[in-house]
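Chemist: Take a look and give me a structure for this.
(one chain, ligands or ions: 1)
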Amino acid sequence: MNIVLFGPPGAGKGTQAKELAKHYNIPHISTGDILRANVREGTKLGMKAKEYMDKGELVPDEVLIGIIRDRLQQPDCKNGYMLDGYPRTLPQAEALKEILEKIGKPLEVVLNIDVPDDELIDRLSGRRMCSCGESYHLIFNLPLKEGTCDSCGGKLYQRDDDKEEVVRQRLEVYAAKTKPLIDYYSDRGILVNIDGTGSVEDVFRQICDVLDPYRK
Ligand code: AMP
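Modeler: Sure thing, here's the model as predicted:
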């Protein structure tokens, strides 16, 4: 199953991708998570990426293309993959096409999770993360104990790029550079729109209805 989860920041790609990857037994490949792990570990790549991420800008294409090329060739991708947060620009989409042709795993579906802008701002500015990968929300998805992760007991934090000014910049970058990929994949006949405004469970069910026929 070869899938891209597409949509603006805050659409719920990460939340859905985590569940879907478990459900269909394919790896969840989030370029944002890969970059944040590099920032935490203080690698050269992480230090370079942080400058862009903190401002809500995109990390340069050549960096992302290199990351995704290596990741898709790992053995756990043999039955497919679920990409989250990649591609975000036309050159990234073109590079992906080339990589996938080479490894013989062409994209089957691009799921476009659609959520209106004002709701995205509320979602992102209330989001709180745990370093174990869980995410919560101050209004929509509170942890049992304030400031503490239900799964691992870790301390919750706000991503630097979830602060309101950075969120607005991320949405502008999305509209200018990433949104045009909707037409790109729609023209290729593999784009499916998903209404991302319902509950996590509703959105999950909508996506499964689309993906079940692709299960091998
Ligand atoms: P995300 O967790 O997907 O919202 O990504 C967080 C940040 O990482 C983005 O705002 C970008 O700065 C950077 N990033 C993640 N994926 C990409 C990508 N495919 N291209 C460029 N920058 C990316």
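
Chemist: make it CA atoms for all contacts and neighbour counts henceforth
Modeler: Will do.

Chemist: so how far is the longest helix along the chain off the chain centroid?
Modeler: With residue count as the measure and DSSP state H as the assignment, the chain has helix 90-103 as its longest helix. Between the mean C-alpha location of helix 90-103 and the chain-wide mean there is a distance of 18 Å, by CA atoms, centre = their mean, to the nearest Å.

Chemist: Residues of the chain that sit close to the ligand?
Modeler: By the rule CA under 6 Å from any ligand atom, the part of the chain lying against the ligand is 9, 31-33, 52-53, 56-60, 64, 85-88.

Chemist: Buried by neighbour count, from these: which ones?
Modeler: In terms of neighbour count (16 or more other CA atoms under 10 Å), the buried residues within the residues of the chain next to the ligand are 9, 31-32, 53, 56-59, 64, 85-88.

Chemist: Specify which member of the residues you listed is nearest to His137.
Modeler: The shortest distance between His137 and any of these, using CA to CA, involves Pro9 and amounts to 14.6 Å.

Chemist: how about that closest one, secondary structure?
Modeler: coil (DSSP: H, G, I helix; E, B strand; the rest coil).

Chemist: wait, it sits on Glu172?
Modeler: No: contact status for Pro9 versus Glu172: not in contact, 10.5 Å apart, counting by CA atoms under 8 Å.

Chemist: Relative to the centre of the chain, find the outermost residue for me.
Modeler: Relative to the C-alpha centroid of the chain, counting by CA atoms, centre = their mean, Lys145 is the outermost residue, at 26.8 Å.
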